[in-house]
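S.K.: Need a 3D model of the following:
(one chain, ligands or ions: 3)
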Amino acid sequence: MSEEFDQSALEYHRFPKPGKLEIKATKPLANQRDLALAYSPGVAAACREITDDPINASEVTARGNLVAVISNGTAVLGLGAIGGLASKPVMEGKAVLFKQFADIDVFDIEIEERDPEAFIETVARLEPTFGGINLEDIKAPDCFIIEKALKERMGIPVFHDDQHGTAIVVCAAILNGLRVVGKDISKVRLVTAGAGAAALACVDLLVTLGLPKENITLTDIAGVVYEGRTEEMDPYKGRYARDTEQRTLAEAIEGADLFLGLSAGGVLKPEWLAKMADSPIIMALANPVPEIMPDLAREARPDAIIATGRSDYPNQVNNVLCFPFIFRGALDCGASEINEAMKAACVRAIADLAMAEPSDIVRAAYGGHQLSFGREYLIPKPFDPRLMEHLAPAVARAAMESGVATRPIADLEAYRRDLHTRSHRTGIAMKPVFDQARIAPKRVVFAEGEEDRVLQAAQQAVAEGIARPLLIGRPEVIGARIEALGLSMRPEQDFELVVPCENPNFENHWQAVYDRVQRRGYAPDETREYIRNDPTVLAAAMVRCGDADAMICGVVGRYARHLRHVEEVIGTAAGVTHLTAMNAVVLENGPLFIADTYVQADPDAEQLAEITRLCAAEVERFGLTPKVALLSHSNFGSHTSPSAQKMHNALQLLREQAPELEVEGEMHANLALDPEGRLARFPNSRLTGSANLLIMPNQDAANIAFNLLRMRDEGASLGPILLGSAHVAHIATPSTTVRGLLNMTALAAVQAG
Ligand SMILES: NC(=O)C1=CN([C@@H]2O[C@H](COP(=O)(O)OP(=O)(O)OC[C@H]3O[C@@H](n4cnc5c(N)ncnc54)[C@H](OP(=O)(O)O)[C@@H]3O)[C@@H](O)[C@H]2O)C=CC1
Ligand SMILES: CC(=O)C(=O)O
Ligand SMILES: [Mg+2]
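M.R.: Numbers count the residues shown, from 1 in each chain. Ligands and ions are numbered 1, 2, ... in the order given. Model (predicted):
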């Protein structure tokens, strides 16, 4: 690892606050009443709930979602017995991974105690605090004794991550690796470097999956684990002691199909690899330095599949793919333990997910690399947002079927959907829209049907059952891109191809367009060209003629060009004078809508009133009551500039046109979002609570505010949502993600309903 990288890691840990964690309150504590509820006397009511029935602890405390990551620092990564204090960065790190990947809260607990019995006594007494115990970086064989005793004594899941988390991920990777090289698990030979916590758990699980015990050779610091060896032996490795003359890893590796390193950096020499069998699988999983660096292994054996525990090489085999999700499933069904059936379910779920279509978010997180199942993509990536929704329900189902779930989940499919929503923040805002779209899926035509993002969004729309995509493009290009992206949707069955040069409804389409544009200077011939050459025009014509229910364009090219086509061919709905565009940023407490971000550059008061009405109606689709603030540099008449005056006038118009609407203005942005500040400044405000729809005086303000918030909030955003058109049409932007397009598809389908 370079010095520069180490320096960056230290800065990451030091600034802006030391460490990686803090505690955050989930309830307000702003006044005397909150204090009385949170603490004495109110808290006593919560205590009594638990004394009445201990199961209520998961309802009135954070326990049901709280896991202890506990270590005594005796086998910290591959750094050895560096002690509890020095292990703290790793344990804080595990806590962050639990939170980030599965929304599980963690207290990291480092205990300075190397005697297993004393350690067991300490941990066993923590049961009231936690919903689960994740033991971490405790050396073998102590970890076996500790885990067994704690499992017996505690009524909550106890899981030694370095054993079982690692074994689950390793087994998924090996099963998939063998699939790639076409070898049968019952015929392969395995040699390990390491015979400790991780290695022994891995070989145990591999044996249950069908790898014959006699095909396994363990090696450790003293070499091959053979029958009769006395040095550095314990009964746990003794189970795999072999009757063999081999004494070193260099000898044992001969003819092996699999190398599994869970020991220390650099113990595998490149020159030994030549002796391995054809297409060997080399898993060098010691952290942070693997048993062999992948480039050296690749040079020595170009035919090998290579994996490490690190994120900077392909095939990261690391227990992070398991522990957040196995605990998510176990906690959510109140599992009293994590048993063999739950582990097996997790192995299968990880292995299967690698073969499903990779997600756009994973691609984005990994620099847009092509990720399809194969030698360099054996198992999913840690940033794959699908992990939680695939693994946790599989684990919960296994817990329920094996009788260890104290709070069984009645509807596992609804649970999966809920997890999906939790792993995609925009999903929470979009949930009511998706639910509605599923009721009667509509035909949505995509103008840029050859684009990768469109194809991925279409695939997801099919999988979610929210729309039937119609893709404009060349069949051979669309087919090739579907193949390259590893998507499973098929023409006719899942989507329709719309080929511009073979358009059977061309006559209808051109006539419909001509009706709209003949007075805009287009001759019949030009109109024909217009449709043939521009897929946005064709998509608009299809919607106009009823051959599609809604259209989406704009993934390529300028917004203004697409807008012109939509205005020309589709136009505004009856009673609407102008189109308008609204975006939303999804904040922690819900979406904040902003308009007009793309269409009207400098709307007057009349136009602002229309924008507000269109946007407010759309906000309701998200299951929200619109609360509108008309924003300005002026605060309730503090300025009389023309732009302040127009916001004031818009308010008067809205009071007449939509008297039921909760709208106020003109006001500063901070007061829109701060009800108490607003009340102090202007007690007669008719807006209650925080505004969820901000109407800006012009497009500059709207677009700038939206993009600022979007960057601040790491891109969780919706839109642009085009409003006021005679038929449903949406114009994406070149930066719209697959998820953004999927959200637009769901919205379009619902609007068309
Ligand atoms: N990628 C992943 O997800 C994970 C990786 N790991 C990595 O695996 C390694 C082992 O962890 P864990 O099992 O928890 O630790 P343990 O201390 O329980 O086991 C370590 C094992 O490695 C052996 N070993 C240590 N040094 C050498 C060496 N120089 N040559 C040969 N064997 C050696 C030890 O031998 P002996 O028994 O003789 O002491 C022991 O068998 C660490 O590097 C850790 O980072 C662990 C968990 C997950
Ligand atoms: C990944 C992990 O848990 C370890 O290296 O110890
Ligand atoms: Mg570990």
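
S.K.: In the stretch 401-550 of the chain, mark out all the helices, start to finish.
M.R.: Per DSSP state H, counting those that start in this stretch, the stretch 401-550 of the chain carries helices over the ranges 412-423, 425-439, 452-464, 475-485, 506-517, 524-533, 535-544.

S.K.: Take these and lay them out in JSON lines including mean pLDDT.
M.R.: Converted to JSON lines, these look like this (pLDDT from 0 to 100):
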{"stretch": "helix 412-423", "mean pLDDT": "84"}
{"stretch": "helix 425-439", "mean pLDDT": "77"}
{"stretch": "helix 452-464", "mean pLDDT": "92"}
{"stretch": "helix 475-485", "mean pLDDT": "94"}
{"stretch": "helix 506-517", "mean pLDDT": "92"}
{"stretch": "helix 524-533", "mean pLDDT": "90"}
{"stretch": "helix 535-544", "mean pLDDT": "96"}
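
S.K.: count of neighbours near Thr208?
M.R.: Residue neighbour count, defined by other CB atoms under 10 Å, stands at 13 for Thr208. Backbone N, C-alpha and C define where each C-beta goes, glycine included.

S.K.: And it, how close does it get to Leu412?
M.R.: 25 Å (CB to CB, to the nearest Å).

S.K.: ditto for Ala702
M.R.: Applying CB to CB, the value for Ala702 to Leu412 is 42 Å.

S.K.: how about the residues of the stretch 601-750 of the chain near ligand 3?
M.R.: Listed as neighbours of ligand 3 in the stretch 601-750 of the chain under the rule CB under 5 Å from the ion: no residues.

S.K.: Find the residue ranges of the stretch 601-750 of the chain scoring beneath the pLDDT cut-off.
M.R.: Residues of the stretch 601-750 of the chain meeting the criterion pLDDT under 70: 713-715.

S.K.: Point out the other elements, helices or strands, that the top helix by length along the chain touches.
M.R.: In the chain, ranked by residue count with DSSP state H as the criterion, the top helix is helix 83-102. Packing partners of helix 83-102 (3 or more CB pairs under 8 Å, 6 or more residues apart in numbering; DSSP states H and E): strand 66-71, strand 105-110, helix 323-332, helix 386-401.

S.K.: Apply 6 Å and report the result again.
M.R.: Applying 3 or more CB pairs under 6 Å, 6 or more residues apart in numbering; DSSP states H and E, we find helix 83-102 packed against strand 66-71, strand 105-110, helix 323-332.

S.K.: The longest one vs strand 66-71, what angle?
M.R.: Okay, so that is helix 323-332. Orientation check (axes from the mean of the first three to the mean of the last three CA atoms, to 10 degrees): helix 323-332 against strand 66-71 gives 140 degrees.

S.K.: Wondering if helix 323-332 reaches ligand 3 at all.
M.R.: No: Helix 323-332 stays clear of ligand 3 (CB under 5 Å from the ion), getting no nearer than 9.3 Å.

S.K.: If you tally nearby residues, what's the number for the closest residue to ligand 2 within the stretch 501-650 of the chain?
M.R.: Minimum separation of the stretch 501-650 of the chain from ligand 2 (CB to the nearest ligand atom) falls at Glu588, amounting to 30.3 Å. Other residues near Glu588 come to 7 when the count uses other CB under 10 Å.

S.K.: need the helices for the stretch 251-400 of the chain, in chain order.
M.R.: According to DSSP H, counting those that start in this stretch, the helices that the stretch 251-400 of the chain contains are 294-300, 323-332, 340-355, 360-365, 386-401.

S.K.: Least confident of those helices, on average?
M.R.: Looking at the helices of the stretch 251-400 of the chain, the lowest mean pLDDT belongs to helix 360-365 (a mean of 56).

S.K.: among the helices of the stretch 251-400 of the chain, which is the most enclosed?
M.R.: helix 323-332 (a mean of 28; mean count of other CB atoms under 10 Å).

S.K.: Now do the strands in the stretch 651-753 of the chain.
M.R.: 662-667, 693-695, 717-723, 728-731 (DSSP state E, counting those that start in this stretch).

S.K.: can you list those strands in a markdown table and add distance to Leu709 and mean neighbour count?
M.R.: As requested, the strands of the stretch 651-753 of the chain are exported to a markdown table (distance: least, CB to CB, whole Å; neighbours: other CB atoms under 10 Å):
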| stretch | distance to Leu709 | mean neighbour count |
| --- | --- | --- |
| strand 662-667 | 17 | 24 |
| strand 693-695 | 10 | 28 |
| strand 717-723 | 8 | 27 |
| strand 728-731 | 20 | 27 |
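
S.K.: okay, those strands in JSON lines with distance to Ala344 next?
M.R.: Shown next, in JSON lines, are the strands of the stretch 651-753 of the chain (distance: least, CB to CB, whole Å):
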{"stretch": "strand 662-667", "distance to Ala344": "54"}
{"stretch": "strand 693-695", "distance to Ala344": "50"}
{"stretch": "strand 717-723", "distance to Ala344": "39"}
{"stretch": "strand 728-731", "distance to Ala344": "44"}
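
S.K.: Nearest to ligand 2, out of the ones you listed?
M.R.: Evaluated over these, closeness to ligand 2 peaks at strand 717-723, with 33.9 Å, by CB to the nearest ligand atom.

S.K.: how about the residues of the protein that lie near ligand 3?
M.R.: 137, 162.

S.K.: where's the residue most central in space within the chain relative to Asp278, distance?
M.R.: Closest residue to the average C-alpha location of the chain: Pro385 at 2.6 Å, with CA atoms, centre = their mean. Separation of Pro385 from Asp278 (CB to CB) stands at 37 Å.

S.K.: ditto for Arg179
M.R.: Taken as CB to CB, the span from Arg179 to Asp278 is 16 Å.

S.K.: Please say which of these two ends up with more neighbours.
M.R.: Ranked by neighbour count (other CB under 10 Å), Arg179 and Asp278 place Arg179 first, with 15 against 10.

S.K.: Please name the residues that touch Pro324.
M.R.: Neighbouring residues of Pro324 by CB atoms under 6 Å, 6 or more residues apart in numbering: 98, 101-102.

S.K.: go with 8 Å
M.R.: Going by CB atoms under 8 Å, 6 or more residues apart in numbering, Pro324 touches 97-98, 101-102, 104, 387-388.

S.K.: Return the member of those nearest to ligand 1.
M.R.: Leu97 (11.6 Å).

S.K.: Next, count neighbours for that closest one.
M.R.: By other CB under 10 Å, 19 other residues sit near Leu97.

S.K.: correct me, but it touches Asn319?
M.R.: No: the pair Leu97 and Asn319 does not pass the contact test of CB atoms under 8 Å, sitting 9.6 Å apart.

S.K.: Show the pLDDT at the residue in the chain that ligand 1 sits nearest to.
M.R.: Going by CB to the nearest ligand atom, ligand 1 is nearest to Gly196 of the chain, at 1.9 Å. If you check Gly196, the pLDDT there is 96.

S.K.: Name the nearest residue to it, ignoring sequence neighbours.
M.R.: Ala140 (3.9 Å; CB to CB, 6 or more residues apart in numbering).

S.K.: correct me, but that neighbour touches Tyr236?
M.R.: Yes: under the criterion of CB under 8 Å, Ala140 makes contact with Tyr236 at 6.5 Å.
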